[in-house]
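J.: have a look; sequence and predicted model below, questions after that.
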Amino acid sequence: MLDRVLVLSASAGAGHVRAAQAVERALGLAGAAREVRHVDALEHTTKLFRRLYARTYLDLVNHAPELLGWLYDYMDTPWRGQRRRLALDKLNTRPFVRLLESYQPEWTVCTHFLPAEIIGWLRREARLSTKHAIVVTDFDVHAMWLTREVDRYFVALDETRAHLVRLGIPADRIEVTGIPIDPVFAEPKDPRAMRAKHGLDPDRTTLLVSAGGFGVGPVERLVRSLLELSRPAQAPQVVVICGRSAELKAALDALAASRPPDAGVRLHVVGYTTAMDEYMAAADLLIGKPGGLTTSEALARGLVMVIVNPIPGQEERNADHLLEEGVAIRCNNLPVLPDKIERLLADPARLAAMRANVGRLARPRAAQAIVAALQAAGV
């Protein structure tokens, strides 16, 4: 059994936190450690740094995604600029450093590159003796994730493993586990029962729109486009998960209330929910942005994806992998979204082939695989 395991995330985007929670839960269910603690590293930084770090990312996503994509590509040069970035981070993460030095974990498991970088520095300085694991939460690996002071990298794809090997990370330190998601996504659930549970028509085709944890992007325009769907046999029902965006939910609630009772497409609006696995189990397609966690959850639930408005940078690269693997289609122009979906739903053979690809790519037990690897390495 492992001793103290510190799972570290950073609340810059919801996915890093969800991945950490998945590892934490898998450790608990397996009884793999005497003590498990999950810490958001940003909560142990200076107030200004914390506010800027989290807020800047969301502001760029909403108002300047092209700039975010440019920054992503500009900073994706392996091993370049690490000293300057580390110098800035060291100035702002002193409370986090004190936490690490006082807690002295046996293992640290990082689902964000900020704590991973600090731990690498502390190990180089012989101020921390922890074993160090990094969980990459997208399908591609960016230069920000790189550190030589690591015992295990956990990645989503064989291609990502090969990339890290080319960058100088020893092959025996890299394991292809998938991106960790809550173990609940591995539990079989009946689609019709899940639809009935959440007030949906059990017999209608169900399209699930995910706005991500913070409800970012042009979701209202996307939903208005979906309301133009007109399948000959039966119009589908559209379920929109708004995340933590009260503004988005209010706008979509008003839109749903304005529709006549005999409207073909039924619209169901959901705010923040902890039942995402049940909504995914109820759905036939997932429509939205290909974040690493949302995508991995959808794959675990057997869902083909319709990619709309991926964030430039990591989500664009995720989209490339999903399209290459044949588990998704992409719509770049919202006015034609209904046509693309109708053509896909009207082609059962194509949809069945894509679902078979989903089954091959899905790794619903990634969190458990990471826990097993930590246990094996800790022997």
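T.: Yep, it's here.
J.: for the helix or strand containing Asp59, packing partners?
T.: According to DSSP states H and E, Asp59 maps onto helix 47-63. In terms of contacts (3 or more CB pairs under 8 Å, 6 or more residues apart in numbering; DSSP states H and E), helix 47-63 is packed against helix 65-74. For glycine as for every other residue, the C-beta is placed from the backbone atoms N, C-alpha and C.
J.: compute the inter-axis angle for the helix it packs on and helix 47-63.
T.: Between helix 65-74 and helix 47-63, the angle comes out at 120 degrees (axes from the mean of the first three to the mean of the last three CA atoms, to 10 degrees).
J.: okay, buried residues for helix 65-74 please.
T.: By 16 or more other CB atoms under 10 Å, the buried positions in helix 65-74 come out as Pro65, Leu68, Gly69, Tyr72.
J.: tell me where the stretch 251-379 of the chain has strands.
T.: 266-270, 285-288, 304-308, 328-331 (DSSP state E, counting those that start in this stretch).
J.: of all these, which lies closest to Val165?
T.: Set against Val165 and scored by CB to CB, the strands of the stretch 251-379 of the chain come closest in strand 328-331, at 26.8 Å.
J.: helices or strands up against that closest one?
T.: Secondary-structure packing of strand 328-331 (3+ CB pairs under 8 Å, 6+ apart): strand 304-308, helix 314-324, helix 337-345.
J.: what residues are up against Glu278?
T.: Contacts for Glu278 were tallied using CB atoms under 8 Å, 6 or more residues apart in numbering; they are Lys189, Met194, Lys197, His198.
J.: Ser210 versus the residue nearest the centre of the chain, what's the distance?
T.: With distances taken as CA atoms, centre = their mean, the residue of the chain nearest its centroid is Leu293 (2.0 Å). Using CB to CB, to the nearest Å, Leu293 is found at 10 Å from Ser210.
J.: can you list the domains in this structure?
T.: As recorded under automatic domain parsing, the domains making up the chain are 2-181+365-378, 184-361.
J.: part of a helix, is Gly199?
T.: No: Gly199: not assigned to a helix; according to DSSP: H, G, I helix; E, B strand; the rest coil it is coil.
J.: most tightly surrounded among the helices and strands packed on strand 328-331?
T.: Per-stretch averages of neighbours, counted by mean count of other CB atoms under 10 Å, single out strand 304-308 among the helices and strands packed on strand 328-331, with a mean of 24.
J.: strand partners of that one, parallel vs antiparallel please.
T.: Partners of strand 304-308 in the sheet, by DSSP bridges, are strand 285-288 (parallel), strand 328-331 (parallel).
J.: and the angle from that strand to helix 337-345?
T.: Counting by the same axes, to 10 degrees, strand 304-308 lies at 160 degrees to helix 337-345.
J.: show me the contact partners of strand 304-308.
T.: With CB under 8 Å, 6+ apart, strand 304-308 has contacts from 222, 285-290, 295, 298, 319, 322-323, 327-331, 334, 337, 340-341, 344, 351, 354-355, 358.
J.: avg pLDDT for that strand?
T.: Strand 304-308 comes out with an average pLDDT of 96.
J.: bridging residues for the closest residue to Leu226 other than its chain neighbours?
T.: Closest residue to Leu226 apart from its sequence neighbours, by CB to CB, 6 or more residues apart in numbering: Val238 at 5.1 Å. Val238 has these beta-bridge partners by DSSP bridges: Leu207, Leu267.
J.: Val238 contacts Leu267, correct?
T.: Yes: between Val238 and Leu267 a contact is recorded at 5.3 Å, counting by CB atoms under 8 Å.
J.: identify the contacts common to these two.
T.: Counting by CB under 8 Å, 6+ apart, the residues touching both Val238 and Leu267 are Val223, Leu227.
J.: so for the two, which sits in the more crowded spot?
T.: Each of Val238 and Leu267 has its neighbours counted (other CB atoms under 10 Å); Val238 has more, 24 against 21.
J.: where's the more buried one relative to Asp203, distance?
T.: Relative to Asp203, Val238 is positioned 15 Å away (CB to CB).
J.: and if you look at Ala373?
T.: 43 Å.
J.: likewise for Ala362?
T.: Per CB to CB, Ala362 is found 26 Å from Asp203.
J.: those two: which is more packed in?
T.: Ala362 (22 against 10).
J.: contacting residues for the residue lying closest to that one once chain neighbours are set aside?
T.: Closest residue in space to Ala362, ignoring its immediate chain neighbours: Leu299 at 3.9 Å, by CB to CB, 6+ apart. Leu299 sits next to Val327, Val358, Leu361, Ala362, Arg363, Pro364 when contact means CB under 8 Å, 6+ apart.
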